[in-house]
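Student: Provided below are the primary sequence and the corresponding predicted coordinates.
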Amino acid sequence: MKLKALFAVAVIVLSGCAVVPDAIEVADETQLIGYQQVAASPDNSRDKIARWGGVIAEIENLPDATLIELVHYPLRAYGKPLVTDNSTGRFRVYVDGFLDPMVYEKGRSITFTGKVLGTEEGLVGEHNYVFPTLKADGYHLWRNVQQVDVTSLHVWPYYHHPYGYGWPYGGHYRHRVIIRDGHKRGASSPPANNSPSRPPRSEGSLNPEK
């Protein structure tokens, strides 16, 4: 029974985590345009609202904005990119103000909401590429976690013996689950990066688990 209760609690906790962060949430009636729609028909997609995510490939600090190039991946229900071995392409996002490349570094997962600007030409290596492009009004930088440090968990195994079901004599098993943050630690690393981010209101408009 205790194991069932623990499992039920874990399900509730995990379900609570599957919520779209405020910074990238949109009104229920908003019709979001997909990456492939913009790539196929950029002129007809201008000013439409999109929510795209992926992995940072390049970041460039401009005089009044930051340009981020991303490898596009589909989003989970709560907005986090589902990173696989295949991608549908790349896109660019312009963000008002300065984003530190040591925080928004290559390889981090991030999700944006914003208006479609159309497409712009550029290079991936020496290959000519046409990038669907957004002007961001919200973004969430996802914590790069592969494992997590958790306190020891005491589990009482329930098993069958010749005299019926019950607890084994002599105590319980002690399992220690080790969870480590997959992101590099260092002076420049952000602590948790769970808070939503929006661009400064005075310069434009923006807002970085799970």
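Tutor: Here it is on my side, so go on.

Student: what mean pLDDT does stretch 30-50 have?
Tutor: Mean per-residue pLDDT for stretch 30-50: 97.

Student: Other residues contacting that stretch?
Tutor: Contact partners of stretch 30-50, identified using CB atoms under 8 Å, 6 or more residues apart in numbering, comprise 26, 51-52, 72, 88-89, 91, 112-119, 130, 132, 134. C-beta: built from backbone N, CA, C; applies to glycine.

Student: Please spell out the ChimeraX selection for the buried subset of those.
Tutor: Remark: buried members of the contacts of stretch 30-50, expressed as a ChimeraX selection using 16 or more other CB atoms under 10 Å:
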select :51,52,72,89,91,112,113,114,115,116,117,118,119,132,134
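
Student: so residue 91 touches residue 131, yeah?
Tutor: Yes. Applying CB atoms under 8 Å, one finds residue 91 in contact with residue 131, separated by 5.6 Å.

Student: Overlap of the contact sets of these two?
Tutor: The contact lists of residue 91 and residue 131 share residue 69, where a contact means CB under 8 Å, 6+ apart.

Student: remind me which residues of the chain are low pLDDT?
Tutor: The model of the chain has pLDDT under 70 over residues 1-17, 145-210.

Student: In contact with the nearest residue to residue 51 once chain neighbours are set aside, which residues?
Tutor: Of all residues beyond its chain neighbours, the one nearest residue 51 is residue 113 (4.7 Å), with distances taken as CB to CB, 6 or more residues apart in numbering. Residues in contact with residue 113 (CB under 8 Å, 6+ apart) are 23, 24, 26, 49, 50, 51, 136, 137, 138, 139.

Student: Residue 51 too?
Tutor: The contact partners of residue 51, by CB under 8 Å, 6+ apart, come to 24, 26, 32, 75, 79, 111, 112, 113.

Student: So which of these are in strands?
Tutor: 111, 112, 113 (DSSP state E).

Student: The last one and residue 67, how far apart?
Tutor: Put plainly, it is residue 113. 17 Å (CB to CB, to the nearest Å).

Student: beta partners for the nearest residue to residue 108 once chain neighbours are set aside?
Tutor: Using CB to CB, 6+ apart and skipping residues adjacent in sequence, the residue nearest residue 108 is residue 56, 5.2 Å away. Beta bridges link residue 56 to residue 70, judged by DSSP bridges.

Student: list the buried ones in stretch 68-85?
Tutor: 68, 69, 70, 71, 72, 73, 75, 79, 80, 81.

Student: For it, C-alpha coordinates in CSV please.
Tutor: The C-alpha coordinates for stretch 68-85 follow below in CSV (Å, rounded to 0.1, in the frame of the first residue of the first chain):
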residue,chain,number,x,y,z
ILE,A,68,19.4,33.6,-31.7
GLU,A,69,19.6,30.8,-34.2
LEU,A,70,18.0,27.5,-33.2
VAL,A,71,17.6,24.0,-34.4
HIS,A,72,13.8,23.5,-34.5
TYR,A,73,12.2,20.6,-32.6
PRO,A,74,8.5,19.9,-32.0
LEU,A,75,7.1,20.9,-28.5
ARG,A,76,5.7,18.8,-25.8
ALA,A,77,2.2,19.6,-24.5
TYR,A,78,3.8,21.9,-21.9
GLY,A,79,6.0,23.7,-24.4
LYS,A,80,9.4,22.0,-23.9
PRO,A,81,11.3,21.0,-27.1
LEU,A,82,11.3,17.3,-27.8
VAL,A,83,14.9,16.8,-28.9
THR,A,84,15.5,13.8,-31.2
ASP,A,85,18.0,12.8,-33.8
